[in-house]
Each structure stands twice: as structure tokens, then as C-alpha cells.
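S.K.: Below is the structure, and that's it, no one-letter string:
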Ligand code: GLU
């Protein structure tokens, strides 16, 4: 056995440098393959967007209706329900929120979730998800005003825009988002303002959060209330939502409806008052009945916007003549802040799953 002659050290170093330069050049010559687009998961619940004459479109058919979606996302999908939005039940809301929370907990490669919904009560479902999905990644709710059998159906375009928003990292930590008609609105502030027109979803005086343009998703503003990981409602701990009813104030209204809600088992009532808190007819009597029975009453306005401010302090002013009726009212009356009645109802249902302390419920109204 002969021993191989040893190379001098400087010769070895030269060979090593050449090898290194060679591999560097090879790397530069072959550009890294482009990163695959982010994964977006689509959950279909039904609504006009799927309501084709002769049979509703499935989640799969909707997913396949978007030309060019692969440029923006690797889309996965599931059928959660296929009904009009007003047919979704409260247990289904809980199930939908649990499903999205589970998905985010277990599937880290999902960048965002898109939920399709009918538009009639979309703002309620979206606000419920806004308050219960505890992850920085976005939930984007989409729908359409024209059904797939109508000329000018805008469902596939809205869905694709929803997917683009869900895939965009800028959409994180903004709560649930509602995307229709090229506009991005916060689920907290948006409401359906027209029964038929395409430009129906508006955040009124708060304005849109952003837009979906041809080239990119652009955000202009941010909401300031608690969202995402800062929300405190844990759907794994909520078995059922308590009954909360909404009663409207109108000239000469009867308090009997309030009594009926209380006797029917409501744990809370949202009053859509006239102006900033006015009731009418015999509603005062109905409210006294509710307070006696320990039912929480949230004051909101039927005006469409305007903030109902809470009391500065729970301490009565000096020399105040406190009656038992006033004391009861102070124990169960909540100011609805700037929430419209249907959103206040969602928030009160969730608040009542956590506490029956008036000050705590008022805190919740002031923080969301
Ligand atoms: N506009 C209805 C809704 O909000 C949809 C009608 C339907 O899908 O049957 O759900």
C-alpha cells in the first residue's frame, strides 16, 4: 500500500476557493424559484352568491369560478352550510367560529380565511366572527347582491377580491373584514344600507378601511377597538348564546313587547331608541318590568349613527333622591356606545356569556 503524496496547504486552499466561487456562480446563474402563493381557506355558508336558479353553487363550484386565483393563493375550501344568511342559527355561528379558530390553531400555513355569506344579515355574522376569532390572521366575509343566474353577477369578482385580501399580510390584526364591490370595511362598522344596490355595504361616517384595486390591496385606516388576539370571548367555553331581543321605539309604542321578551326568556334587551335614548308610549313600564326581573337593557339609537355615552360615574350626584326603581335601572342599564342595534345585540349576547356584572358589561361595550 502506497501512501498518496501530500499536497502543500496553499494548493489545497486554492482548490477550496475555486470550488466555493464555482458554487456561488452556479447559484447566481439559477434564480431561486418564486415562493408559492399563500394558502387561503374558503368556507362557504350560502347566500345569493351561491343561489343559482335550479340549485345552489357548492363551495367547490364557487372556488372554481375565479379565473386566475392561483396567482394570489393556493385555495382550499369547505362547505359549512348552503342557506340564506337569515337562516343561519346561533349554534351554527358558534360552530363556524370554532371551525375557524381550530383551523388557525392547527394549520399554520393558512394565511387567511374567506367566508361567503348571504348579504341580508352578513354584518351580524361578520361581527360575531370579529369578536370571537382570536388570531392575527384575517377572516374576510364576502357575498354578492346578484345571484349567479343574473346578468351582472358579481359574486366571483367579490370572492376573488376576498381571497386577495385574505392572502395579504397587511390584512392581519384588523378584525374581521367585509369585502364587496372593491371595498374593504370593518365588520365592526359596516352595515347594509340598501336592499338592492351593489354599493350597499357602508361604514357610514367611519369610512372604508381600504380598497381592492387592480394592482394591489390598499388600506387607508385602522380601527382602534380590541380585535384579534385581544378579544376576550372564547368560543370553546361558550355552549349556547343567551337570548337577547331588539325592541324598536316608535310613536305610541307598547311596553307589552318588552314584557313579552322578558317573559319569553330574554336575558338582555337592546332598545333601538329614538334619538339618544327616548322611549315612547308605555315602553317605560315595560322597561321597569325588565329591570325588576334582572334583565339587562342596552340603549342604542335607531338613527343609524351616534354614540350613546355611558355615565361618567356610578356614584349618584349629591342630594339625589334615589328610589328603588332608579336603583334597579342603574343596576341593569347599559349604554350601547356607537353600536347599531343588531351589533349591540351580538355584543350583549357574548358579554352575558362571561358576566352579569353591569360595570363589566359596560366596560365590554366601551372596548369593542
Ligand atoms: N339575500 C339572501 C341572504 O342574505 C340570500 C337569499 C338566498 O340565498 O336564499 O342570504
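M.R.: Now that the structure is in, tell me what you want to look at. A quick note: this is a predicted structure, and the numbers were derived from the prediction, not measured. Numbers count the residues shown, from 1 in each chain.
S.K.: okay, CA-based contacts and neighbour counts for the rest of this
M.R.: OK.
S.K.: residues contacting residue 163?
M.R.: When contacts are counted by C-alpha atoms under 8 Å, 6 or more residues apart in numbering, residue 163 touches 40, 69, 72, 73, 113, 114, 140.
S.K.: Next, residue 250: secondary structure please.
M.R.: coil (DSSP: H, G, I helix; E, B strand; the rest coil).
S.K.: Quick check: it touching residue 283?
M.R.: No - counting by C-alpha atoms under 8 Å, residue 250 stays clear of residue 283, with 9.8 Å between them.
S.K.: thinking again about what came up before, mind checking which of the contacts of residue 163 are in strands?
M.R.: Among the contacts of residue 163, the members found in strands (DSSP state E) are 40, 113, 114, 140.
S.K.: just checking: which of the residues you listed also lie near the ligand?
M.R.: Here nothing survives when the ones in strands among the contacts of residue 163 are matched to the ligand using C-alpha under 6 Å from any ligand atom.
S.K.: Adding distance to residue 168 and neighbour count, write those residues out as CSV.
M.R.: CSV is the format used below for the ones in strands among the contacts of residue 163 (distance: C-alpha to C-alpha, whole Å; neighbours: other C-alpha atoms under 10 Å):
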residue, distance to residue 168, neighbour count
40, 10, 25
113, 11, 27
114, 12, 31
140, 11, 32
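S.K.: thinking again about what came up before, compare residue 250 and residue 283 (neighbour count), which wins?
M.R.: residue 283 (24 against 16; other C-alpha atoms under 10 Å).
S.K.: Tell me the spacing between the more buried one and residue 309.
M.R.: According to C-alpha to C-alpha, to the nearest Å, residue 283 and residue 309 sit 21 Å apart.
S.K.: now do residue 40
M.R.: Distance from residue 40 to residue 309, by C-alpha to C-alpha: 40 Å.
S.K.: which stretches of the stretch 51-200 of the chain aren't confidently modelled?
M.R.: Applying pLDDT under 70 to the stretch 51-200 of the chain flags no residue at all.
S.K.: quick one, helices of it?
M.R.: 59-63, 90-106, 122-132, 155-167 (DSSP state H, counting those that start in this stretch).
S.K.: and residue 350, what element?
M.R.: helix 341-352 (DSSP states H and E).
S.K.: give me the low-pLDDT residue ranges for the stretch 201-350 of the chain?
M.R.: For the stretch 201-350 of the chain, no range has pLDDT under 70.
S.K.: Which single residue in it comes nearest to the ligand?
M.R.: Per C-alpha to the nearest ligand atom, the residue of the stretch 201-350 of the chain with the smallest distance to the ligand is residue 201, at 12.5 Å.
S.K.: okay, now the residue nearest to that residue when sequence neighbours are not counted: neighbour count?
M.R.: Take residue 201 and drop its neighbours on the chain: the residue closest to it by C-alpha to C-alpha, 6 or more residues apart in numbering is residue 192, 4.7 Å away. Counted with other C-alpha under 10 Å, residues neighbouring residue 192 total 18.
S.K.: swap in residue 110?
M.R.: Residues within reach of residue 110, counting by other C-alpha under 10 Å, total 20.
S.K.: give me every residue that touches it.
M.R.: 38, 39, 40, 41, 104.
S.K.: Out of those, which is nearest to the ligand?
M.R.: Closest to the ligand, out of all of the contacts of residue 110 and judged by C-alpha to the nearest ligand atom, is residue 41, at 21.0 Å.
S.K.: ok, and the closest non-adjacent residue to residue 256?
M.R.: Nearest to residue 256 is residue 286, by C-alpha to C-alpha, 6+ apart, at 6.2 Å.
S.K.: Ramachandran coordinates for that neighbour?
M.R.: Residue 286 has phi and psi values of phi -60, psi -40 when expressed as degrees, to the nearest 10.
S.K.: count of neighbours near residue 224?
M.R.: 9.
S.K.: what do you get for the one 3 residues further on?
M.R.: Using other C-alpha under 10 Å as the criterion, residue 227 is surrounded by 23 other residues.
S.K.: How about it: what's its closest non-neighbour residue?
M.R.: Spatial nearest neighbour of residue 227, excluding adjacent residues (C-alpha to C-alpha, 6+ apart): residue 175 at 5.0 Å.
S.K.: On the three-state scheme, residue 223 is what?
M.R.: Criterion first, three-state DSSP; result for residue 223: coil.
S.K.: show me the contacts for the closest residue to it other than its chain neighbours.
M.R.: The spatially closest residue to residue 223, leaving aside those adjacent along the chain, is residue 174, at 6.9 Å (C-alpha to C-alpha, 6+ apart). Counting by C-alpha under 8 Å, 6+ apart, residue 174 touches 136, 138, 186, 222, 223, 227, 228.
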